[in-house]
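Colleague: Need a 3D model of the following:
(one chain, ligands or ions: 1)
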Amino acid sequence: LSRILVTGGSGNLGRLCSAELLATGHDVTIFDRFTPADAPLSWDTDIPICIGDLSDGAAIEDVITEHRPEIIVHLAAQPNPTDHPRLPATASFRAASQLEYPDLPRRGATFVSNVLGTYHLLDCAVRFDVKRIVAASSLCVLGTGFRITDRPFSFRSLPVDESHPLQPEDSYSLSKLLNEECYRAYADAYGITIAALRFPIIFYDGLEERFLKRFESEPRSIPAGAPSNLWVYIDGRDAAHAVRLAVETERLRGFEAFYVATGRTVATSPKQALLRFRPDLARVVDLMEGDEDLLSIDKARRMLGYTPRHPWGAERDSEVAS
Ligand SMILES: NC(=O)c1ccc[n+]([C@@H]2O[C@H](COP(=O)([O-])OP(=O)(O)OC[C@H]3O[C@@H](n4cnc5c(N)ncnc54)[C@H](O)[C@@H]3O)[C@@H](O)[C@H]2O)c1
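Modeller: Numbering: from 1, shown residues only. Got it, this is the predicted structure:
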């Protein structure tokens, strides 16, 4: 059992990860720019909270020197591109990007939190002997999410797995990809173990219905030449479970990235849905084995022992049917 610092611990995934880690006996401290009570989906906890901004190197150094974590679960991030020309205007996106940096243009907030903030975290982690970091990355590193152009995304093979080329366009996806490059370099240079879990859209209890509906309707109409999320998702509880597995497994060395999803799409036949919107992909689709998922989570199953436990889609389907 380990001393664990959870950055971004007041947020949605932070709440679930902290609960999962505490339940298995780990010693958890939260670092965030606001308390759980002030989070957009407010919650209460007795977990020790350190308030600070990751982009302030001194703030994260103070917390690490005081708590001396063995493992950091790194969730803190601006979870969208604040400079995107067509930023989705749903309430959940507005809530996530409500932070105002008084002395910075808001446009840069994504890179400041995600890239500069992660640099400060890595720098402190290796100086203060943190053994492992388990970080929330994103399916967005692939390049299908938050696209700027309408150019069709170039799928080279399906289902997508960790060997697929990455071609992000926007600042959020790029920040997550740059994070992964830094993780790889720090793991090589300093011997720290780092797992980046590439989550697709995460569903949490309490998310607004409008947001869920937008996602569900995607197999019938897809924007900007992708399917932007490959029609996969993950229940927040499964994401938190995967984080705990990556914290506890003995099998990790160096840097590893994993796609982690629920393993079930909202499209009945992803192949047919894809061909309807992207006939140019006929050859790639033709070579695809099976018709269950456009995203493979085999590496997470194999190396982390991950099995999705909350098929949100199935629960919803039965609710709709009844
Ligand atoms: N929500 C999704 O659909 C989704 C999908 C893929 C990956 N992710 C990633 O998962 C992680 C958790 O996301 P979430 O859904 O819990 O989002 P969230 O917005 O609920 O939580 C993020 C937390 O990070 C904190 N934070 C942001 N910038 C910070 C900074 N500079 N200093 C200190 N704290 C900071 C916020 O205050 C917030 O509490 C993020 O890294 C996100 O990029 C989320």
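
Colleague: Give me the distance between Leu116 and the ligand.
Modeller: Using Cβ to the nearest ligand atom, to the nearest Å, Leu116 is found at 9 Å from the ligand. Just so you know, the C-beta spots here come from the backbone N, C-alpha and C atoms, and that holds for glycine as well.

Colleague: and what of Ser18?
Modeller: As judged by Cβ to the nearest ligand atom, Ser18 and the ligand stand 11 Å apart.

Colleague: So for the spatially closest residue to Gly57 that is not a sequence neighbour, what's the pLDDT?
Modeller: Using Cβ to Cβ, 6 or more residues apart in numbering and skipping the chain neighbours, the partner closest in space to Gly57 is His120 (4.1 Å). For His120, the model assigns a pLDDT of 98.

Colleague: phi, psi of His120?
Modeller: Phi and psi for His120, reported as degrees, to the nearest 10, are phi -60, psi -40.

Colleague: Tell me if I'm right that Leu178 and Val115 touch.
Modeller: Yes - assessed by Cβ atoms under 8 Å, Leu178 is found in contact with Val115 at 5.4 Å.

Colleague: Name the next helix or strand downstream of the helix or strand containing Leu22, please.
Modeller: Assigned by DSSP states H and E, Leu22 belongs to helix 12-23. Using DSSP H and E, the helix or strand that follows helix 12-23 in sequence is strand 27-32.

Colleague: just checking, what packs against that next one?
Modeller: strand 3-7, helix 12-23, strand 49-51, helix 57-67 (3 or more Cβ pairs under 8 Å, 6 or more residues apart in numbering; DSSP states H and E).

Colleague: Quick check: neighbours of that strand in the sheet, parallel or antiparallel?
Modeller: Strand 27-32 pairs in its sheet with strand 3-7 (parallel), strand 49-51 (parallel), by DSSP bridges.

Colleague: so His26 sits right up against Val134, yeah?
Modeller: No - His26 is beyond contact range of Val134, at 11.7 Å (criterion: Cβ under 8 Å).

Colleague: Those two: who's more crowded?
Modeller: Neighbour count, other Cβ atoms under 10 Å: between His26 and Val134, Val134 has more, with 26 against 20.

Colleague: Am I right that the more buried one sits in a helix?
Modeller: No - using DSSP: H, G, I helix; E, B strand; the rest coil, the secondary structure at Val134 is strand, not a helix.

Colleague: how close does the residue of the chain found nearest the ligand get to Thr265?
Modeller: When you check the chain against the ligand by Cβ to the nearest ligand atom, the closest residue turns out to be Gly11, at 2.0 Å. As judged by Cβ to Cβ, to the nearest Å, Gly11 and Thr265 stand 26 Å apart.

Colleague: Arg301: neighbouring residues, count only.
Modeller: Counted with other Cβ under 10 Å, residues neighbouring Arg301 total 15.

Colleague: which residue sits closest to it, ignoring its sequence neighbours?
Modeller: Thr307 is the one closest to Arg301 (Cβ to Cβ, 6+ apart), at 6.6 Å.

Colleague: Ok, Ala37 next?
Modeller: Of all residues not flanking Ala37 in the chain, Asp44 sits nearest, at 6.5 Å (Cβ to Cβ, 6+ apart).
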